[in-house]
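# One predicted model, sequence on top.
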Amino acid sequence: MPFPQGGPVPPYGGGQAPPRWGAPAPGWAPPVPPRRPVVARTPWWQREGVISRVLAVAGVGVTLIGVVMLLVLAAQAGFFGPVPRVAAGAVFSVALIGAGLRIFGRSGGRVGAIALAATGFAGAYLDVIAVTAIYDWLYPALGLAVALGVAACGVALAMRWQSQPLAVLVVAGAAALSPVVGSGLLLLGFLIVLQLACAPVQLVRDWPALHIVRTLPAVLAAIAVTLIAAIDSPEGDAVRDLLIAAVAIGVIGLVGTVLVVRRRASDVTATVAFALSTVPLLVVPSVLDRVGATVIAGGTAAVLLAVGAQYLVPKLRALVGIPAHTATVAAAASSLALVEACFGVTDARTLPIALLLVAIGYLAVAGQRRSPVALVIGGLFGFHGASVFLSDASPETLASSSLAAEWLDIWTVLAAAVLLATVAVAVWAMRARPGLSPGSSAESVLWVVASVICLYAVTAATVALGVVSGATDGFVVGHSAATILWMAAATAALFYGLRNLARSTAVAKVALGSGLLVTAAALAKLFLFDLATLDGLVRVAAFLVVGVLLLVAGTRYARAFAEAGATRDRGGEEVR
């Protein structure tokens, strides 16, 4: 029988109260988890392999410097003869490779074997460069072929030993010290050989560091040679060889990267190497004539654009298998080449037209395929083209009749028309983005910016047409026409918004806001500029037309809202 709350506690086993439900039994204690043994952290300099690796890398560097001294400094000082120097370098390199092969299978011999073999192959590569570049014992083509064999043997041994450090040390050691032995285009050729020799490795091994090590030296050398050529104005053969080298770097980088990312789509390092390999092709047009630079830039843009555009077509994307990061890099590089091509085929007056036409193409793709990359590139081209157009048809030029007569021509009219088309396509592409909802503040900002750009383009076009016409008062007639067109556009926007007032409030809000903004701009231009600049019948016509349009717009505005109010009142009566 339960006891009432606060009553006496019955005896339990010797006068003790019974335990509560869930309470631990008398004498019970929770188990203590065993403590993990505290392991003392070993200092980095005592860890296995750290010091040995550091010493091995230092040994590779110091030994290769000794080989370079044997091949170059001894020759400069007159020590020994050419044959003993070259033979000593070759024998020493072979001995190092043999020692590495001998100790590789022994206990703890892997690090030393990799260091010895890497030093031997890099030394042999430098020896081949010296034989070709310093002593001229081999023709350049034969020397490059021998160097390719040496590098291929070193990389093959790295694959057999499954050692990325060996491949990296061979390439890095040979590339870092080869400028001491060779120079110019021949040095660039030997660095391209290193890039080529390591390309097949990436198909079998996932060695990301090798991507950069094999690509960066050739790219840096190509940029340096191009800069020197731009200063020295070399002969035609040197320019041709430099162009061939740039194309070779680009082709090796593109083909190697495509083959790699088709197997390993997550290999971002391969895409970085591909981006680096496109730099020489973007730099080399600076040493070519106008036609040659345009052809190279256009060809580069076409190839890279094809690589990037295939990602936007689902069937091609599944067939080719190039991931998004590689396609993005290709699209970005192609846009830079397109800029060079635009500069090559135009002059100062037609450049904005070319840039804006390219922008229309990218923006159209962005709107059709919902591609953010194409949208960004198209926006950059559009901004660049609009900036160039603004520099030609600046506000100062539009406000001065003398400057307008000097700078504005028929190309200004065409550029303004293309700019209007670019704005229309850009608005369509932006509205196709899923994040831009109708009636939002972002859409309102978009329409405001588009309206301002269109008003400026219309003004420039009308003023330029007035100037081109050759009439005495063409400048003032152009400005009068611009003001009238501003007000006509505002009236059209207001009518469109009022027509959609009952069907779509969001659309009506944007259209009415844009129309009122343009109306305010037209009135400001009419009183602040036209009243002081225009004269005679032109000024009268501008005020009369704008006034009539204002009356029409105001009448229609008042009637639309009156009809909307009457409709709401009838709806309320029906509900009652």
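That came through fine. Model, not experiment: these values are computed from the prediction.

# Could you list the domains of the chain?
51-182, 183-345, 351-446, 471-565 (automatic domain parsing).

# Run the chain-centre distance for the longest one.
The chain centre lies 14 Å from the centre of domain 183-345; the measure is Cα atoms, centre = their mean, to the nearest Å.

# Number the chain from 773, please
Okay, residue one is now 773; in that scheme the one you just asked about reads as domain 955-1117.

# From start to finish, how long is it in a straight line?
35 Å (Cα to Cα, to the nearest Å).

# And Ala1141, how close does it get to Leu1192?
Not Ala; residue 1141 is Arg. For Arg1141, the distance to Leu1192 (Cβ to Cβ, to the nearest Å) stands at 24 Å. Using the backbone N, CA and C atoms, a C-beta is placed for each residue, glycine as well.

# Could you pull out the buried residues of stretch 1007-1026?
Under the neighbour-count criterion of 16 or more other Cβ atoms under 10 Å, stretch 1007-1026 has 1010-1011, 1013-1015, 1017-1022, 1024-1026 buried.

# Which helix or which strand is home to Ala913?
helix 912-933 (DSSP states H and E).

# buried ones in that helix?
For helix 912-933, by 16+ other Cβ under 10 Å, it's 915-916, 918-920, 922-927, 929-931, 933.

# Go through those residues and say which is closest to Leu960.
Leu916 (10.7 Å; Cβ to Cβ).

# Which pLDDT does the model give that closest one?
With respect to pLDDT, Leu916 scores 92.

# and what of Pro780?
53.

# same check, this time on Ala1104
92.

# what's the answer for Ser1143, then?
Ser1143 is given a pLDDT of 87.

# Name the helix or strand for the most centrally placed residue in the chain, please.
Nearest to the mean C-alpha position of the chain, counting by Cα atoms, centre = their mean, stands Ala1104 at 4.3 Å. Per DSSP H and E, Ala1104 falls inside helix 1096-1117.

# where does the next helix or strand after that helix sit relative to the chain's centre, distance-wise?
As assigned by DSSP H and E, the chain's next helix or strand after helix 1096-1117 is helix 1123-1141. Relative to its parent chain, helix 1123-1141 has a centroid offset of 17 Å by Cα atoms, centre = their mean.

# Buried ones in helix 1123-1141, by neighbour count?
1123-1128, 1130-1139, 1141.

# what do you get for stretch 1100-1119?
1100-1116, 1118.

# Could I get the buried residues of stretch 1007-1026 in TSV, plus columns for pLDDT, secondary structure and distance to Asp899?
Formatted as TSV, the buried residues of stretch 1007-1026 follow (pLDDT from 0 to 100; DSSP: H, G, I helix; E, B strand; the rest coil; distance: Cβ to Cβ, whole Å):
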residue	pLDDT	secondary structure	distance to Asp899
Ala1010	84	helix	26
Val1011	87	helix	30
Asp1013	89	helix	24
Leu1014	91	helix	26
Leu1015	92	helix	29
Ala1017	93	helix	23
Ala1018	94	helix	27
Val1019	94	helix	29
Ala1020	94	helix	24
Ile1021	95	helix	24
Gly1022	94	helix	29
Ile1024	94	helix	24
Gly1025	92	helix	27
Leu1026	93	helix	31
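
# would you list the domains of the chain in TSV and tack on distance to Ala1233?
Shown next, in TSV, are the domains of the chain (distance: least, Cβ to Cβ, whole Å):
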stretch	distance to Ala1233
domain 823-954	56
domain 955-1117	21
domain 1123-1218	4
domain 1243-1337	8
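
# Of those domains, which is nearest Ala1232?
domain 1123-1218 (4.2 Å).

# Name the nearest residue to the residue nearest to the centre of the chain, ignoring sequence neighbours.
Once flanking residues are discounted, Ala1104 sits nearest to Ile1149: 7.1 Å by Cβ to Cβ, 6 or more residues apart in numbering.

# isn't the one you found right up against Ala1103?
Yes - with contact defined as Cβ atoms under 8 Å, Ile1149 counts as touching Ala1103 (6.4 Å).

# For the spatially closest residue to Ala1096 that is not a sequence neighbour, give its distance to Leu1076.
Among residues not flanking Ala1096 along the chain, Tyr1083 sits closest, at 6.4 Å (Cβ to Cβ, 6+ apart). Using Cβ to Cβ, Tyr1083 is found at 12 Å from Leu1076.

# Show me which of these two is the more surrounded one.
Neighbours around Tyr1083 and Leu1076, counted as other Cβ atoms under 10 Å, are more numerous at Leu1076. The numbers are 27 against 21.

# So what touches the helix or strand the more buried one falls within?
Taking DSSP H and E as the definition, Leu1076 sits inside helix 1062-1081. Contact with helix 1062-1081 is made by 1015, 1022, 1026, 1030, 1050, 1053-1054, 1056-1058, 1060, 1094, 1098-1103, 1105-1107, 1109-1110, 1112-1113, 1116-1117, 1137, 1145, as judged by Cβ atoms under 8 Å, 6 or more residues apart in numbering.

# Looking at the nearest residue in space to Trp1179 that is not next to it in sequence now. What's its pLDDT?
Spatial nearest neighbour of Trp1179, excluding adjacent residues (Cβ to Cβ, 6+ apart): Thr1169 at 5.1 Å. Looking at Thr1169, its pLDDT is 90.

# one step back: I'd like the mean pLDDT over the helix holding Leu1076, please.
On average, helix 1062-1081 scores 91.

# what's the angle between that helix and helix 1096-1117?
If you take axes from the mean of the first three to the mean of the last three Cα atoms, to 10 degrees, helix 1062-1081 sits at 160 degrees to helix 1096-1117.

# tell me the angle of helix 1062-1081 relative to helix 1123-1141?
Using the same axes, to 10 degrees, helix 1062-1081 lies at 10 degrees relative to helix 1123-1141.

# Would you mind writing the CA trace of whatever helix or strand Ala1158 lives in as CSV?
According to DSSP H and E, Ala1158 maps onto helix 1144-1164. The C-alpha coordinates for helix 1144-1164 follow below in CSV (Å, rounded to 0.1, in the frame of the first residue of the first chain):
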residue,chain,number,x,y,z
PRO,A,1144,27.2,31.6,-65.7
VAL,A,1145,30.6,31.4,-67.3
ALA,A,1146,29.3,32.6,-70.7
LEU,A,1147,27.3,35.3,-68.8
VAL,A,1148,30.4,36.6,-67.1
ILE,A,1149,32.6,36.6,-70.2
GLY,A,1150,29.8,38.3,-72.2
GLY,A,1151,29.4,40.9,-69.5
LEU,A,1152,33.1,41.6,-69.5
PHE,A,1153,33.2,42.0,-73.3
GLY,A,1154,30.1,44.2,-73.1
PHE,A,1155,31.7,46.4,-70.5
HIS,A,1156,34.9,46.6,-72.5
GLY,A,1157,33.0,47.5,-75.7
ALA,A,1158,30.9,50.1,-73.9
SER,A,1159,33.9,51.6,-72.3
VAL,A,1160,35.6,52.0,-75.7
PHE,A,1161,32.4,53.5,-77.1
LEU,A,1162,32.2,55.9,-74.2
SER,A,1163,35.8,57.1,-74.8
ASP,A,1164,34.9,57.9,-78.4
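
# The helix or strand that that helix is followed by packs against which elements?
Later in the chain than helix 1144-1164, the nearest helix or strand by DSSP H and E is helix 1167-1171. Packing partners of helix 1167-1171 (3 or more Cβ pairs under 8 Å, 6 or more residues apart in numbering; DSSP states H and E): helix 1173-1179, helix 1213-1240.

# among those helices, which is nearest Arg878?
Among these, if distance is taken as Cβ to Cβ, the winner is helix 1213-1240, at 68.3 Å.

# and the closest one, what's its mean pLDDT?
For helix 1213-1240, the per-residue pLDDT averages 87.

# What helices and strands are in contact with that helix?
Taking 3+ Cβ pairs under 8 Å, 6+ apart as the contact cut, helix 1213-1240 packs with helix 1144-1164, helix 1167-1171, helix 1173-1179, helix 1182-1203, helix 1246-1271, helix 1277-1297.
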